[in-house]
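Visitor: what's the 3D shape of this:
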Amino acid sequence: EVSLVESEGGLVQAGGSLRLSCATSGFVFDDYAIAWFRQAPGKDREGISCIYIREGRTLYADSVRGRFTTSNDNAKNTNYLQMNSLKPEDTAVYYCAADPLGCHQRIEEYEYDYWGQGTQVTVSL
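Guide: Next up is the predicted model:
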């Protein structure tokens, strides 16, 4: 059974950092792209990062590029999202997702087969 489990998010002050993890099981980790999405209240879900080791490819949305970094620990079948220089507009529920077809041109939620349950990140002023 496929499973993706995000780590607990939290409350952080603007300018601070937070690292989320996405622990996976039930599929061959190297064969899947792992993406992160987020959804703020009243807004659409936004794809913010994707990593696909088999192609050595990473993608970031403009809104997080240069501040967020995604990486994989293949030994632990776990993906990480390191978030630095956080802003109040980063406040959202964050989800990880997996797709066997790799990172696409755009990080679109309909492309992803498997999802975590989501974790709340709140950035205060």
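Visitor: Now stretch 27-35: buried residues?
Guide: Within stretch 27-35, the residues scored as buried using 16 or more other Cβ atoms under 10 Å are Phe27, Phe29, Tyr32, Ala33, Ile34, Ala35. Placement of C-beta: from N, CA and C, glycine included.
Visitor: which among those gets closest to Thr91?
Guide: Comparing these against Thr91 with Cβ to Cβ places Ala35 closest, at 19.5 Å.
Visitor: Can you tell me which of the buried residues of stretch 27-35 comes closest to Cys96?
Guide: Ile34 (6.1 Å).
Visitor: who does the helix or strand where that closest one lies touch, helix- and strand-wise?
Guide: Using DSSP states H and E, Ile34 maps to strand 33-39. Contacts defined by 3 or more Cβ pairs under 8 Å, 6 or more residues apart in numbering; DSSP states H and E place strand 33-39 against strand 18-25, strand 46-52, strand 68-73, strand 92-99.
Visitor: so which of those comes closest to Leu59?
Guide: That would be strand 46-52 among the helices and strands packed on strand 33-39, by Cβ to Cβ, at 4.5 Å.
Visitor: Paired strands for the closest one, with orientation please.
Guide: Strand 46-52 has its sheet partners listed here by DSSP bridges as strand 33-39 (antiparallel), strand 57-60 (antiparallel).
Visitor: winner for burial among those strands?
Guide: strand 33-39 (a mean of 25; mean count of other Cβ atoms under 10 Å).
Visitor: Figure out how far that one is from the centre of its chain.
Guide: 4 Å (Cα atoms, centre = their mean, to the nearest Å).
Visitor: now do stretch 16-23
Guide: On Cα atoms, centre = their mean, the centre of stretch 16-23 falls 9 Å from that of its chain.
Visitor: buried ones in that stretch?
Guide: Of the residues in stretch 16-23, those buried (16+ other Cβ under 10 Å) are Leu18, Leu20, Ser21, Cys22, Ala23.
Visitor: Now do that stretch, average pLDDT.
Guide: Regarding stretch 16-23, the rounded mean pLDDT is 98.
Visitor: still on that earlier bit, what angle sits between the strand holding Ile34 and strand 92-99?
Guide: 150 degrees (axes from the mean of the first three to the mean of the last three Cα atoms, to 10 degrees).
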